[in-house]
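Colleague: have a look; sequence and predicted model below, questions after that.
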Amino acid sequence: MPKDVIVACDFPTAEETLRFLDRFDGRRPFVKIGMELFYAAGPEIVKELRRRQHRIFLDLKLHDIPNTVGRTVRVLADLGVEMMNVHALGTVRMMRAAREALDTGGGPRPLLIAVTQLTSITQEEMEAELLISAPIEEVVKTYARNARDAGLDGVVCSPREAAGVHAVCGADFLTVTPGIRFADSEAGDQRRIMTPAQARREGSDYIVVGRPITGASDPAEAYTRCCREFLGEGREI
Ligand code: C5P
């Protein structure tokens, strides 16, 4: 199972993103492009980062009717990204439409994963605002099972939930886990967090790390620390 650190490039412009990645001394981290950057810079930034040989997780968290999501997934897959995602809340039918759309193109297909419950959401918020009363771990496992049944490759979840997801969906079902903080860094708006080393012990396959790297005075060094803690000594990328 490939393990890797994915750097969340949550920047408002292409220029800022490229300037940030230029500070990695020639290393080419696996990067995540989310809504902020994609809506600001469009498909061009994806193409530019591909030209620079970055692997790309396009994190647009699609959630709409099955037909719209399927057609959109097809358009985004043609950009040549490595990984993309939809919301499990969209139902098995929507996820299946997304997965089937990926089979219609030539060439290698991206990994398709589902967002379960955002790592910023607490049990209390889920109960009071979304009227979901089951324990969050159970909600995540159910959404993961739905994603697997729809033919998806894995889920985005908290590292706290990675072991539970693997227990239900199998070791090969990917867990991509944001909500990562160094022992000495700020949580920010994240609630269900872990350190890279804890995420490794819980069995996360990919960790997604934003502010602990983008906000560091030396991002390359913070990235190296993340790789060291998550992948183990001697497996820096
Ligand atoms: O800065 P930070 O490390 O909190 O960034 C985490 C990244 O992962 C953000 O880009 C956020 O949108 C994304 N993400 C998340 N929780 C999810 C799915 C994606 O934090 N469930």
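Modeller: That came through, no problem. All values reported here derive from a predicted model rather than from experimental measurement. Numbers count the residues shown, from 1 in each chain.

Colleague: contact residues of this protein facing the ligand?
Modeller: For the chain, the residues in contact with the ligand (Cβ under 6 Å from any ligand atom) are 8, 10, 34, 59, 115, 118-119, 156, 178-180, 188, 190, 208-211. Where C-beta positions appear, they are placed from N, C-alpha and C, glycine not excepted.

Colleague: can you say which of those residues are buried?
Modeller: 8, 10, 34, 59, 115, 118-119, 156, 178-180, 190, 208-211 (16 or more other Cβ atoms under 10 Å).

Colleague: and the residue of this protein nearest the ligand?
Modeller: residue 210 (2.5 Å; Cβ to the nearest ligand atom).

Colleague: residues touching that residue, list them.
Modeller: 7, 8, 10, 32, 178 (Cβ atoms under 8 Å, 6 or more residues apart in numbering).

Colleague: all strands for the protein, in order.
Modeller: 4-8, 30-33, 56-62, 83-87, 111-115, 154-156, 174-177, 206-209 (DSSP state E).

Colleague: is it possible to export those strands to JSON lines including mean pLDDT?
Modeller: Shown next, in JSON lines, are those (pLDDT from 0 to 100):
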{"stretch": "strand 4-8", "mean pLDDT": "98"}
{"stretch": "strand 30-33", "mean pLDDT": "98"}
{"stretch": "strand 56-62", "mean pLDDT": "98"}
{"stretch": "strand 83-87", "mean pLDDT": "98"}
{"stretch": "strand 111-115", "mean pLDDT": "98"}
{"stretch": "strand 154-156", "mean pLDDT": "97"}
{"stretch": "strand 174-177", "mean pLDDT": "98"}
{"stretch": "strand 206-209", "mean pLDDT": "98"}
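
Colleague: low-confidence ranges in this structure?
Modeller: 1, 233-237 (pLDDT under 70).

Colleague: contact partners for residue 52?
Modeller: Counted by Cβ under 8 Å, 6+ apart, residue 52 has contacts 21, 28.

Colleague: what residue in this structure is the furthest from its centre?
Modeller: residue 128 (26.4 Å; Cα atoms, centre = their mean).

Colleague: ok, residues contacting stretch 112-122?
Modeller: Under Cβ under 8 Å, 6+ apart, the answer for stretch 112-122 is 61, 73, 83-89, 95, 98-99, 102, 126, 136, 139-140, 143-144, 146-147, 150, 152-158, 161, 174, 176-179, 189-193.

Colleague: which of those residues fall in helices?
Modeller: Here DSSP state H is the test, and the contacts of stretch 112-122 give 73, 95, 98-99, 102, 126, 136, 139-140, 143-144, 146-147, 161 as lying in helices.
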